[in-house]
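Q: after the sequence you'll find the predicted model.
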Amino acid sequence: MNHLKKLVPYLRNHMRQYVIGVLAVLVSNVAVLVGPYVVRLAIDAISAAFKAKADLPNLWMYALAIVASVLVSGGLMLLVRRQLVVASRQMDYEIRRDIFVNMTHLDKSFFDRSRTGDIMNRLTADLSAVREMLGFGAFQGASVISVFGASLVVMFNISPKLTWLVLTVIPVMIAVLAFLMRLIARRYVKAQEQSSLISAKAQENFSGVRVVKGYAIEEQEIKEYRAMNDELIRRNLKVTMVEGPLWAFLSMLMGIAYVLVLIYGGQMILRGQLTIGEFTQFTMTLERFTWPIMAAGMILTITQRGASSWERLLELLEAKPDIKDEGADQSIKSIKGDIEFRNVTVRYGNRTILKNLNLKIAAGQTLGITGATGSGKTILMQLVTRLIDATEGEVLVDGIPVKRIPLQVLRSHVGVVPQEPFLFSETVAQNVAFGVNTNNYPEIPTGVSVLKSSAPEKVEPVVDMQKVRWATDIAGLTSDIEGFPKGFDTEIGERGVSLSGGQKQRTALARAIAREPEVLILDDSMSAVDTETEARILSGLKKVMPGRTVMLVSHRVSTLRHADHIILLQHGEIIEQGSHEELVALRGEYAELERLQSLASDLENEKEVNA
Ligand SMILES: Nc1ncnc2c1ncn2[C@@H]1O[C@H](COP(=O)(O)OP(=O)(O)OP(=O)(O)O)[C@@H](O)[C@H]1O
């Protein structure tokens, strides 16, 4: 329950709404009890008139008093909803906003470990459970306490003996509730975990729909999805199986209390210890009194669910990035592009990915990197933007250890085109202009009430079409775009489904070029582009990006020969390095690669000629 304390800052922001809401609940519930009291007065007045054979009292006054109490109580309940339910909606937003902001600062390793579907489930289902606890739960909780207290006072006032009789069933109820609630909480968490797995499965199936269809494994996926849903139903039923008997048992206990009151209360009337009016008021109040006991179970369920869900959300809200910006020298505003790897070793567990690597790239140089799959090429690139940090040794940019350069500065001056491009569901132009002019977005405040912070100004993304066109020209994409139905304004579906692999890669390349970065990293990012187009793009790049450092990963010798210096990685170590000519002359692995690729290319040309 310690983690619930972490909700306090959010609640504190809405203190006024909670105070007004809870006060209104109290007054409303006291007003409700006025009804039975007026009924008692009316019945006793009628009985007295009947006994004295006098005229009937004016019943209109009683009726009006009952209507007035109902109106006051109903009106206040409306006010309660406006305060507590509105506050819970606002906190729902505040928590979601804070989680979103925190998550955008987490690094790659967190997302490597997490499943998107699970995160989405937490941000929807778990957040709803927390909202329900903060709004409906708080509202009902305040109601339960006030109705319970006020009815108890009224009942004691009418007859302490009858009240004690009713109270004999309470300890049994509390014991049963306490036992079953713990069971419900455990089973609820298991159901939520399964629900997350299902969301993750659906999300992966939809994003990977081409693989699923390509392998014709729809039936298998449907079967697995069904089995997972069956398990969810089973787990939810296990929750219901406890909840069902719980309500039945509580109703039975309250039924017993009613029977006791009827028998004993009836005898008290006959003995003249209680008037009929008092007895009626007692039973009517008892009806109100039973509600909190029954509702306590529901509120505990809501609270248990909310608390378990909040714990799951805290994992997102409190996750800390492994790569931190502390110790950065904030006076560094830009970089030039000299890169050095000094005795760099990278390990994952006991696997060594890069071994004591030393390498220098002067600003403006193009470094070619090749090596078998899994030899550590991508990891080497990721060290430059600090997507990961070296386990041992140092990476330096302009002679400064990367840890001392603010992350924002480092990353905004390095353009990365990853192996698998990711495009957003926006227009081609917006996708290319994605990383340009991001500084004019106001920072989203966190940890503050939505009521106190003004809504962030709407910043329309300004697309500098001249720059976009310049970038797509270099990336060899302009003629493709002009062939699209709406040119640069063509919407790209989720993950760019309407583009070919090569077009997607070139869009990602144009995006990196548009930022005019000091360092450009191309991680095998033109594998789907034919060699001729690639050669054109690379020589175009050289012309427009003089003085900029390029790191070029490729398996193609035809690509690598554009580099000033080439390294060949094997199991995380540089086994050969030099210029293209030097490496060919070395007659090592690189020369063998070149020989095989020229042979393949000659064979290809021969085939074309014969055809
Ligand atoms: N998060 C991780 N945890 C554990 N091992 C990892 C992680 N990321 C990468 N590796 C491992 O590090 C090694 C190097 O990976 P890297 O992606 O750098 O290979 P690569 O040379 O770029 O290969 P490819 O040409 O196939 O892209 C691989 O064996 C990979 O399995």
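A: Arrived safely.

Q: next, count neighbours for the residue of the stretch 501-611 of the chain found nearest the ligand.
A: Proximity of the stretch 501-611 of the chain to the ligand (C-beta to the nearest ligand atom) peaks at residue 524, 6.1 Å away. No exception for glycine: its C-beta is placed from N, CA and C like everyone else's. Using other C-beta atoms under 10 Å, residue 524 has 23 neighbouring residues.

Q: ranges for the helices of the stretch 101-250 of the chain?
A: 108-113, 116-121, 127-132, 138-158, 160-167, 170-207, 209-214, 218-270 (DSSP state H, counting those that start in this stretch).

Q: my read: residue 26 touches residue 148, true?
A: No: counting by C-beta atoms under 8 Å, residue 26 stays clear of residue 148, with 11.7 Å between them.

Q: retrieve the pLDDT associated with residue 337.
A: We have a pLDDT of 90 for residue 337.

Q: so how far is the ligand from the residue nearest the centre of the chain?
A: The centroid of the chain falls nearest to residue 123 when counting by C-alpha atoms, centre = their mean (4.1 Å). Going from residue 123 to the ligand by C-beta to the nearest ligand atom, to the nearest Å gives 24 Å.

Q: that residue contacts residue 102, doesn't it?
A: No: judged on C-beta under 8 Å, residue 123 makes no contact with residue 102 at a distance of 11.9 Å.

Q: overlap in contacts, those two.
A: Common neighbours of residue 123 and residue 102, using C-beta atoms under 8 Å, 6 or more residues apart in numbering, are residue 316.

Q: quick one: residue 192 from residue 99, how far?
A: 17 Å (C-beta to C-beta, to the nearest Å).

Q: I meant to write residue 408 there.
A: 21 Å.

Q: who's more crowded, those two?
A: Shown here are residue 408 and residue 99; by other C-beta under 10 Å, residue 99 has more neighbours (22 against 14).

Q: can you give me the neighbour number for the residue in the stretch 51-200 of the chain positioned nearest to the ligand?
A: Nearest residue of the stretch 51-200 of the chain to the ligand, counting by C-beta to the nearest ligand atom: residue 112, 5.1 Å away. For residue 112, the tally of surrounding residues (other C-beta under 10 Å) stands at 7.

Q: same check on residue 2?
A: Neighbour number of residue 2 under other C-beta under 10 Å is 6.

Q: mind checking pLDDT for it?
A: Looking at residue 2, its pLDDT stands at 74.

Q: repeat that for residue 314.
A: pLDDT, read off for residue 314, is 94.

Q: so which bits of the stretch 1-150 of the chain are right by the ligand?
A: Residues of the stretch 1-150 of the chain lying near the ligand by C-beta under 6 Å from any ligand atom: residue 112.

Q: low-confidence ranges in the stretch 1-150 of the chain?
A: 1 (pLDDT under 70).

Q: swap in the stretch 351-500 of the chain?
A: For the stretch 351-500 of the chain, the ranges with pLDDT under 70 are 437-442, 455-456, 459-461, 493-497.

Q: for the protein, what lies in contact range of the ligand?
A: Residues of the chain lying near the ligand (C-beta under 6 Å from any ligand atom): 112, 348, 353, 371, 373, 374, 375, 376, 377, 378, 379, 419.

Q: circling back to that earlier point, ok, now how distant is the residue of the stretch 501-611 of the chain closest to the ligand from residue 386?
A: Applying C-beta to C-beta to residue 524 and residue 386 gives a distance of 20 Å.

Q: please enumerate the helices of the stretch 401-550 of the chain.
A: Going by DSSP H, counting those that start in this stretch, the stretch 401-550 of the chain shows helices at 407-412, 428-432, 465-474, 478-482, 501-514, 531-544.

Q: and the fifth one, what's its mean pLDDT?
A: Think helix 501-514. For helix 501-514, the mean per-residue pLDDT is 90.

Q: CA atoms of that helix as CSV?
A: Output in CSV follows, covering the C-alpha atoms of helix 501-514 (Å, rounded to 0.1, in the frame of the first residue of the first chain):
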residue,chain,number,x,y,z
GLY,A,501,11.3,-0.9,-49.4
GLY,A,502,13.7,1.2,-51.3
GLN,A,503,11.4,4.3,-51.2
LYS,A,504,11.0,3.9,-47.5
GLN,A,505,14.8,3.7,-47.0
ARG,A,506,15.3,6.8,-49.2
THR,A,507,12.6,8.7,-47.2
ALA,A,508,14.4,7.9,-44.0
LEU,A,509,17.6,9.0,-45.6
ALA,A,510,16.1,12.3,-46.8
ARG,A,511,14.8,12.8,-43.2
ALA,A,512,18.4,12.6,-41.9
ILE,A,513,19.8,14.8,-44.6
ALA,A,514,17.2,17.5,-44.0
